[in-house]
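Colleague: only the shape, not the letters, is given here:
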């Protein structure tokens, strides 16, 4: 049985990212939005009344993900870290971050997610200063919508002609004409 590597499989934008070594731990976070009314209290217990709004997107945090290129003497940032950096520097090309599927072995931990936070450190260097070891201290992945569904829900942008002729006056004319035809 071979060792399965964790990976971020590109779903929309970005490129696949395979981890060199698997994360040391994965933290899961789920939160419900609540609000308390400062004056509203339970008559018996005196506790504040809490309103439950909705659930926030699920979050996974990966810690202590190691990358080591000492044997090959290649720059670890260019070989591995740069792909993570590109995923959070999406504003250069797109309006949205790349969407990934976080997979490890046969398990899909998040079907659709994006990188919210990347924190890493370089921990070992060659004599010429080339970084050959890096450790990601914190890689936060936030659950996202299926990009295909959100694209199909997008309205088509109006043409320049439609923008110029779509006025309240023209809308009223169309409505009056439609009512007359009935």
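Modeller: Perfect, thanks for sending it. It should be emphasised that the depicted structure is a prediction, and the values quoted were computed from it without experimental measurement. Numbering: from 1, shown residues only.
Colleague: surely residue 133 touches residue 120?
Modeller: No - the pair residue 133 / residue 120 is not scored as a contact, 10.7 Å apart, by CB atoms under 8 Å. Backbone N, C-alpha and C define where each C-beta goes, glycine included.
Colleague: who has more neighbours out of these two?
Modeller: Of the pair residue 133 and residue 120, residue 120 is the one with more neighbours under other CB atoms under 10 Å, namely 19 against 15.
Colleague: three-state assignment of the more buried one?
Modeller: Classification of residue 120 into helix, strand or coil gives strand, according to DSSP: H, G, I helix; E, B strand; the rest coil.
Colleague: disregarding residues adjacent in the polypeptide, which is nearest to it?
Modeller: Counting by CB to CB, 6 or more residues apart in numbering, the nearest residue to residue 120 once its immediate chain neighbours are dropped is residue 136, at 4.5 Å.
Colleague: contacting residues around that neighbour?
Modeller: Contacts were defined as CB atoms under 8 Å, 6 or more residues apart in numbering; by that measure residue 136 touches 62-65, 67, 81, 84, 118-120.
Colleague: the host helix or strand of residue 61: what's the following helix or strand?
Modeller: Counting by DSSP states H and E, the secondary-structure element that holds residue 61 is strand 59-63. Under the assignment DSSP H and E, the closest C-terminal helix or strand after strand 59-63 is strand 65-68.
Colleague: packing partners for that following strand?
Modeller: Helices and strands touching strand 65-68, by 3 or more CB pairs under 8 Å, 6 or more residues apart in numbering; DSSP states H and E, are strand 131-143.
Colleague: now the strand it packs on: how far from the chain's centre is it?
Modeller: If you compare the mean C-alpha spot of strand 131-143 with that of the full chain, they lie 14 Å apart, counting by CA atoms, centre = their mean, to the nearest Å.
Colleague: same thing with stretch 101-116?
Modeller: In terms of CA atoms, centre = their mean, the centre of stretch 101-116 is found 11 Å from the chain centre.
Colleague: who touches that stretch?
Modeller: Around stretch 101-116, the neighbours that count as contacts under CB under 8 Å, 6+ apart are 4-9, 11, 22, 26, 58-60, 84, 87-88, 96-100, 139-147.
Colleague: how about that stretch: buried residues?
Modeller: Buried residues in stretch 101-116, counting neighbours by 16 or more other CB atoms under 10 Å, are found at 101-104, 109-110, 112-116.
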